[in-house]
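Novice: What follows is a predicted structure for the sequence shown.
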Amino acid sequence: TRIEKAGYKHFMAKEIAEQPIVLADAIKYYCGGGRINLPEDLEFGALDRLTLVACGTASYACMTAKYWFESLAGLPCEVDIASEFRYREPPMPENSYAMFVSQSGETADTLAALRYARGKVSKIVSIVNVPSSSIARESDIALPILAGVEVGVASTKAFTCQLAVLLLLALKAGHARRRIDDDSLAAHLKSLAALPGLMNQALGREPSIAVMAAAVAEAQDVLFLGRGSMFPLALEGALKLKEISYIHAEGYASGELKHGPIALIDKNVPVVVLAPRDALFDKTVSNMQEVMARHGKVILITDPKGAEEAGLGTWKTLTLPDVPALLAPILYALPAQLLAYHAAVAKGTDVDQPRNLAKSVTVE
Ligand code: AGP
C-alpha cells in the first residue's frame with residue numbers, strides 16, 4: 001500500500017501527529033486486564049545483566065530504558081551504540097540478555113552487534129518496527145513496536161513506540177524480580193493507558209511551539225539539557241534539531257553544564273531545558289539560573305507546577321500537562337520533535353529528506 005501524507009505538509013508532521021494513535025495500539029497489543037502480554041520465555045527474574053545496543057535515536061531509547069530497568073527492576077543494564085560495541089570485544093555474561101533496538105531492522109552496525117552477541121548470551125531480543133527485517137529474523141525473540149511505516153528520515157513515532165515497549169519490558173522485569181507487586185503493576189499500566197490522551201494535549205501546544213521554533217531557527221547553536229531519564233531526551237532533541245534544521249545542537253545532562261558547556265552560553269544561545277517537576281527539579285532550576293545569569297535564553301519545557309516554581313526569567317516557557325515521572329520521557333519527546341520540525345520549516349529545509357542522511361543506514 002502506498003503511504004500518503006494525508007493532508008500534512010510532510011511525512012514527519014503526519015508521523016508526529018499519529019503518535020497518540022500508534023502508541024495506544026502498541027499499548028493495547030501488549031497489555032490487557034492489568035497484565036503485560038509479552039512472550040513467556042522472556043524471563044528476567046534471575047538475569048544478571050541486560051545489554052542494550054542501537055544507533056542514533058534508537059540508542060537514546062535504550063539510554064532511557066536503562067533508567068527504567070535499573071529503577072523498576074534493579075537490573076544492571078549496559079547501553080552502547082552499535083558502532084562502538086561491535087568492535088570493542090565487550091565481555092557478555094552468559095546469564096544475560098542482549099537487546100537490539102532498530103526501527104528499520106536493517107542498520108548494519110546494529111546487525112553486526114547482534115551477530116557478535118550470538119552464542120555469548122542466553123537470549124537475543126530485538127525491538128523493531130519491521131518484523132520481516134534482518135535484525136528481527138536473527139533474534140530469538142522479536143518484539144514489534146507497531147508504529148506503522150515511518151517515512152520521514154527523522155525518527156519520531158518509532159522512538160515513542162520503542163520507549164513504550166521498553167517500558168513494558170522494564171515493568172515486566174520489575175514484576176518478575178519482585179520489586180513491583182500486582183497492584184502497582186496494574187496502576188502503572190493504567191497510567192500508561194492514559195498517556196495517549198496526554199500526548200494529544202501536548203500536540204495541542206503545537207501553535208506555541210511553532211512560535212518558539214521560529215525564534216530558535218535564528219540561532220547558530222542550541223543546547224538541550226535534561227536530568228535523569230530526561231537526559232537521553234536532551235540528546236534526542238539535539239539530534240532531531242541537527243538532522244532537519246542543520247542548526248548545531250548538543251544535548252547535555254544538566255549537571256554537566258558547569259563542567260564545560262557553560263562556556264558556550266551567551267545571549268545568542270537558546271537552551272532548551274526539559275524539566276518536569278520531579279524529584280530533581282530544584283537542581284535543574286539552579287542549572288537554569290546559571291544559564292540565565294550568563295544571558296542564555298532559556299526555553300523551559302515543564303508542567304504547571306514546574307512553570308510556577310521556576311519563576312520569571314525564562315525566555316519562553318512551554319507548559320505540558322502533568323504526567324507520572326516514569327512516562328515523562330515519552331510525553332516530552334513530542335515538543336522536542338515539534339520544535340525541530342518547525343525550526344526546519346522556518347528554515348525551509350527538506351524536512352523528510354534532509355541532506356546527507358538515509359532512512360536506513362545499511363553501510364558501516
Ligand atoms: C533518527 O532521526 C535517525 N535518522 C537515526 O539516528 C536512526 O535512528 C538510526 O540510524 C537508527 O536507525 P534504525 O532504528 O533503523 O536502526
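Specialist: Everything's here; your move. Numbers count the residues shown, from 1 in each chain.
Novice: Could you check which helix or strand contains the residue of the stretch 251-364 of the chain found nearest the ligand?
Specialist: The ligand sits closest to Val361 of the stretch 251-364 of the chain, with a gap of 4.8 Å, by C-beta to the nearest ligand atom. In this view, the C-beta of every residue, glycine as well, is placed from N, C-alpha and C. Counting by DSSP states H and E, there is no helix or strand that carries Val361.
Novice: Can you get me a residue count around the residue lying closest to it once chain neighbours are set aside?
Specialist: Nearest residue to Val361, sequence neighbours excluded (C-beta to C-beta, 6 or more residues apart in numbering): Thr107, at 5.4 Å. For Thr107, the neighbour count with other C-beta atoms under 10 Å is 28.
Novice: same question for stretch 153-172, mean pLDDT?
Specialist: Averaged across stretch 153-172, the pLDDT comes to 97.
Novice: Contact partners for the residue of the stretch 51-200 of the chain found nearest the ligand?
Specialist: Taking C-beta to the nearest ligand atom, the ligand has its nearest neighbour within the stretch 51-200 of the chain at Gly56, 1.8 Å off. Applying C-beta atoms under 8 Å, 6 or more residues apart in numbering to Gly56 gives the contacts 155, 239, 361.
Novice: again, only this time at 7 Å
Specialist: Leu239 (C-beta atoms under 7 Å, 6 or more residues apart in numbering).
Novice: Let me know the pLDDT of it.
Specialist: We note a pLDDT of 97 for Gly56 in this prediction.
Novice: got the phi/psi numbers for it?
Specialist: Taking degrees, to the nearest 10, you get phi 60, psi -140 for the backbone angles of Gly56.
Novice: Please report the distance of it from Ser104.
Specialist: For Gly56, the distance to Ser104 equals 11 Å [C-beta to C-beta, to the nearest Å].
Novice: before we move on, back to that, give me the distance between the residue of the stretch 51-200 of the chain closest to the ligand and Phe159.
Specialist: 10 Å.
Novice: measure the residue nearest to Val361 to Asp303 for me?
Specialist: Going from Thr107 to Asp303 by C-beta to C-beta gives 35 Å.
Novice: same thing with Leu189?
Specialist: 22 Å.
Novice: isn't Thr302 right up against Phe281?
Specialist: No. Applying C-beta atoms under 7 Å as the test, Thr302 and Phe281 come out as separate, 8.1 Å apart.
Novice: Residues that sit against both of those two, list them.
Specialist: Ala275.
Novice: Same drill for those two, tell me which one is more crowded.
Specialist: Neighbour tally, Thr302 and Phe281, criterion other C-beta under 10 Å: the higher count belongs to Thr302, 25 against 18.
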